[in-house]
Each structure stands twice: as structure tokens, then as C-alpha cells.
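Visitor: any chance you can model this:
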Amino acid sequence: MAILPIVQYPDPRLSTKAEPVTVFDDALKQLAADMAETMYDAPGVGLAANQIGQLIRLVVIDISEEKNALRVLVNPQIISRSEEVKECEEGCLSLPGIYEKVKRPSLVTVRAQDLEGREFTLECDELLSVCVQHEIDHLDGKVFIDHLSALKKARSAAKLAKKRKEEARARKNKEA
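Guide: Now for the predicted structure:
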């Protein structure tokens, strides 16, 4: 297994719609394992393939405290959403340090395939619902700040740019 570099916003791969997976082989299983290791190391609760530069419809999620309940969703799609909406603070490994409240349906049902290509459905509520919707958004070329007003999105992007400049300056000073 390997820890993979995480694509950072505003990389164009994050705004590109991922292609369906059509081959279920050992390479796909290895990619899912590497994505899981990357997610756990980050640390995070979800990671979409385009966040590591692979434009395929593959997601790994683990919302458990113990980090022992990995879910792998291949070609996931939301097939139903509740009318009820819930606001939840979200963050993203591709936008480190940025957290904003996002409104999403509180319950969703997802149809996906496992790493063998077998289809299954998953009823999602609470944190799993938020996480699944967030990761499927990635596969559709959206990041969570795309759900914000233009002002809040611009403010978040500016905050992220400032944070990156400060980190670069700190690295440069450390090296000197």
C-alpha cells in the first residue's frame, strides 16, 4: 500500500466529472487500498479518486471512531434524497483548514458497486449521509465550497491561498 499525494484546490481535476469504472481488477483493489491508507493518514473520513488525480468513480469512506469500518463505493449514485435538509460543518482534504456549513438532504439512498462489481444499495443518515454526498460531489466535479454563496466561496478560497502562502514562507524560513 502507498500514501498518495492529495490534489489541492483549485486543481482542475477537482472540477472534472469522473468516468465510470468498467474494469474490476486487482489494480482497482490496489487503488482502493492506497486511497484508504491515504485517507487514514491525512486524517479524513472520505476520499474520492479525483482527489488523488484518478478521474474514475471510486470513493472510500470510514466514519468510525476506530477506523475499522471501511466502505468502498464504485460508481456510486444517489437514487433518493429526503425532503428534510440538515446543515453540517464540512471540511475537505483538498481544502485543508477550510470548514464551512453546508446544507444537504439529511437522508440519502445510494446505489453503488463493490470491488468485485456487485451492485448494492446503502441507506445513509447522519455523518454517513453528509460524507457520501460530499464524496459523490467530488466525482461530479464539485467541491463543498461550490454549495456556498459566491461571497463565502471567494472568502474561503482567499483564506486557503493565504494559509498556503504562510506555510510556504514558514518552510522557506525553516530551510534558511
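
Visitor: any idea of the mean pLDDT in the lengthiest helix in the chain?
Guide: If you go by DSSP state H, the chain has its longest helix at helix 150-175. For helix 150-175, the mean pLDDT works out to 89.

Visitor: report the buried residues of that helix.
Guide: Within helix 150-175, the residues that count as buried by 16 or more other Cβ atoms under 10 Å are 153, 156, 160. For glycine as for every other residue, the C-beta is placed from the backbone atoms N, C-alpha and C.

Visitor: over to stretch 37-57?
Guide: Here stretch 37-57 shows 37-40, 44-52, 54, 56-57 as buried, counting by 16+ other Cβ under 10 Å.

Visitor: the helix-or-strand element of the chain with minimal mean pLDDT - contacts with which helices or strands?
Guide: None of the helices or strands of the chain scores lower by mean pLDDT, DSSP states H and E than helix 150-175, at a mean of 89. Judged by 3 or more Cβ pairs under 8 Å, 6 or more residues apart in numbering; DSSP states H and E, helix 150-175 is in contact with no other helix or strand.

Visitor: ok now it, how far from the chain's centre?
Guide: Mean C-alpha position of helix 150-175 versus that of the full chain (Cα atoms, centre = their mean, to the nearest Å) differs by 21 Å.

Visitor: right, and the helix or strand after the longest strand along the chain?
Guide: Longest strand in the chain, counting residues (DSSP state E): strand 71-81. Remark: after strand 71-81, the chain's next helix or strand is strand 85-90, criterion DSSP states H and E.

Visitor: any buried residues in that next one, and which?
Guide: For strand 85-90, by 16+ other Cβ under 10 Å, it's 88, 90.

Visitor: list the contacts of it.
Guide: 99-106, 127, 129-130, 134, 144 (Cβ atoms under 8 Å, 6 or more residues apart in numbering).

Visitor: partner strands of the next helix or strand after that strand and their direction?
Guide: As assigned by DSSP H and E, the chain's next helix or strand after strand 85-90 is strand 100-105. Strand pairing for strand 100-105, determined by DSSP bridges: strand 85-90 (antiparallel).

Visitor: angle of the longest helix of the chain against strand 100-105?
Guide: 130 degrees (axes from the mean of the first three to the mean of the last three Cα atoms, to 10 degrees).

Visitor: how about the residue nearest to residue 5 when sequence neighbours are not counted, what does it touch?
Guide: In space, and not counting its chain neighbours, residue 5 is closest to residue 52: 7.0 Å by Cβ to Cβ, 6 or more residues apart in numbering. Neighbouring residues of residue 52 by Cβ under 8 Å, 6+ apart: 4, 5, 6, 7, 34, 35, 38.

Visitor: try 7 Å
Guide: 4, 5, 6, 7, 35, 38 (Cβ atoms under 7 Å, 6 or more residues apart in numbering).
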